[in-house]
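Enquirer: can't give you the sequence, but here's the structure:
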């Protein structure tokens, strides 16, 4: 028989709680205060169930326990009418949160699961970042949130523009745990109609000949994406496009973490970590009622905002070189390098299409090269639009005309990148500071003549 320490449970609820946990042969050691709990934990290490009905004082108790016993597993117990406490509890470092009435099997499975992740707190920044490029301050903030999300099984919303790496971050969270037992399962809710999405998420719903003991649980089949994601991660793209019925069923499964297996009518555990990749219009969809609030509560315990590429320019050179190596290998051409001037120009572009647009530019440059290992400024100029738009292909005209049209915009972008500091801009451009002053005056005069003509 396994034992847990239960801190703060009201006396009138203890008899019912004992009956609920006895179904999984779990015994309870009761504690009425943090001091009492610490006294028991110093004698033997037990997982802790912490009643959160007292709100802020219960969260403070969790902090006090954590200060004295950093390695102790702490689980919260909440009334489902207080979803705000669920979020706060997870952010305080609790391994999981259970709603009343307690499901004995779910409690036991969660404790066993967390005990299997013995080194979950010891993963460094370098170990979790994978193929992400995080030299910029904004991306190092993202890496900290990845580390936090990786230590829990709570839902995550990753919000950002198209091409900012939402799925890459989701995979980093999934892979950050040592040897994750489950799969990373992806589903795009915008690519299927209601019937197709229902079948993909939940599988066949035909009833087993053994009868139905659903107790209100949702039904899934072995061929469903939810069943495939057991022990792993379900990555939801465009969840706002999912029909209301699918959203309701999904919210219920994520709440219960159990379902009825269609093939046998048995109750099965569904330990699924949901991660949703959403765009900047997600809040608008929520305000319009196109996304269920109960589903959002399950998904949004941790929120990660992905910065656009134009706000993380320190990462662009490394990302461009990564794409260059990948594309050269894919096209079976000799490895190539980007010159310093070419990288400076690439870093200064607006990148409204983010990394997808950057990769497209590098691919078009490599495809258009006739020889040589080095990619210079002229090679990049031949494949960008000169109106501040996307880097998606040739702009037209001769290379000399392209250079003339682009020079002013490029210098302006580099000056903006260095916040008007002439010395730093000149260093990036590879020219003397006096030459940059002269170039600025010349370009300004040419611009003024063009406006008067």
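Expert: Arrived safely. A quick note: this is a predicted structure, and the numbers were derived from the prediction, not measured. Residues are numbered from 1 along each chain as shown.

Enquirer: hmm, residue 5 is touching residue 46, no?
Expert: Yes: contact criterion CB atoms under 8 Å: residue 5 and residue 46 qualify, at 4.5 Å. Placement of C-beta: from N, CA and C, glycine included.

Enquirer: now whichever helix or strand residue 379 is part of: buried residues?
Expert: Using DSSP states H and E, residue 379 maps to helix 377-381. Using 16 or more other CB atoms under 10 Å as the burial criterion, the residues of helix 377-381 that qualify are 377, 379, 380, 381.

Enquirer: that one - what's its average pLDDT?
Expert: Computed over helix 377-381, the mean pLDDT rounds to 85.

Enquirer: do stretch 204-221 as well
Expert: 64.

Enquirer: what does stretch 52-66 give?
Expert: The average pLDDT for stretch 52-66 rounds to 85.

Enquirer: all numbers from here: first residue = 6
Expert: Renumbered: residue one is now 6, and that last one reads stretch 57-71.

Enquirer: please point out which parts of it sit buried.
Expert: 57, 58, 63, 64, 66, 67, 70.

Enquirer: quick one, strands of the stretch 6-155 of the chain?
Expert: Counting by DSSP state E, counting those that start in this stretch, residue ranges of the strands within the stretch 6-155 of the chain are 7-12, 31-36, 53-56, 79-83, 101-104.

Enquirer: ranking those strands by burial, who's on top?
Expert: Mean neighbour count (mean count of other CB atoms under 10 Å) peaks for strand 53-56 among the strands of the stretch 6-155 of the chain, with a mean of 25.

Enquirer: so what are the sheet partners of it and their directions?
Expert: Applying DSSP bridges to the sheet, strand 53-56 is found paired with strand 7-12 (parallel), strand 79-83 (parallel).

Enquirer: turn these into a markdown table, including distance to residue 267 and mean pLDDT.
Expert: Formatted as a markdown table, those follow (distance: least, CB to CB, whole Å; pLDDT from 0 to 100):
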| stretch | distance to residue 267 | mean pLDDT |
| --- | --- | --- |
| strand 7-12 | 31 | 91 |
| strand 79-83 | 30 | 87 |
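
Enquirer: which of these sits closest to residue 141?
Expert: Residue 141 lies closest to strand 79-83 among these, at 34.2 Å (CB to CB).

Enquirer: give me the distance between that closest one and the centre of its chain.
Expert: The chain centroid and the centroid of strand 79-83 are separated by 24 Å, computed with CA atoms, centre = their mean, to the nearest Å.

Enquirer: can you list contacts of it?
Expert: Residues from elsewhere that reach strand 79-83, judged by CB atoms under 8 Å, 6 or more residues apart in numbering: 14, 52-58, 67, 70-71, 90-91, 94-95, 98-105, 107, 112, 115-116.

Enquirer: surely residue 141 is in contact with residue 321?
Expert: No: if you go by CB under 8 Å, residue 141 and residue 321 don't touch, sitting 9.0 Å apart.

Enquirer: of those two, who's got more company?
Expert: Set residue 141 next to residue 321 and count neighbours by other CB atoms under 10 Å: residue 321 wins out with 23 against 17.

Enquirer: how about the more buried one, nearest residue that isn't a chain neighbour?
Expert: Spatially, and ignoring its direct neighbours in sequence, residue 321 is nearest to residue 352 (4.4 Å; CB to CB, 6 or more residues apart in numbering).

Enquirer: other SSEs contacting the host helix or strand of the one you found?
Expert: Counting by DSSP H and E, the element that carries residue 352 is helix 345-353. With contacts taken as 3 or more CB pairs under 8 Å, 6 or more residues apart in numbering; DSSP states H and E, helix 345-353 sits against helix 321-336, helix 382-386, helix 404-422, helix 427-434.

Enquirer: please repeat the previous calculation with a cut-off of 10 Å.
Expert: Identification of packing neighbours for helix 345-353 by 3 or more CB pairs under 10 Å, 6 or more residues apart in numbering; DSSP states H and E yields helix 321-336, strand 342-343, helix 359-373, strand 379-380, helix 382-386, helix 404-422, helix 427-434.

Enquirer: mean confidence for the longest one?
Expert: For helix 404-422, the mean per-residue pLDDT is 62.
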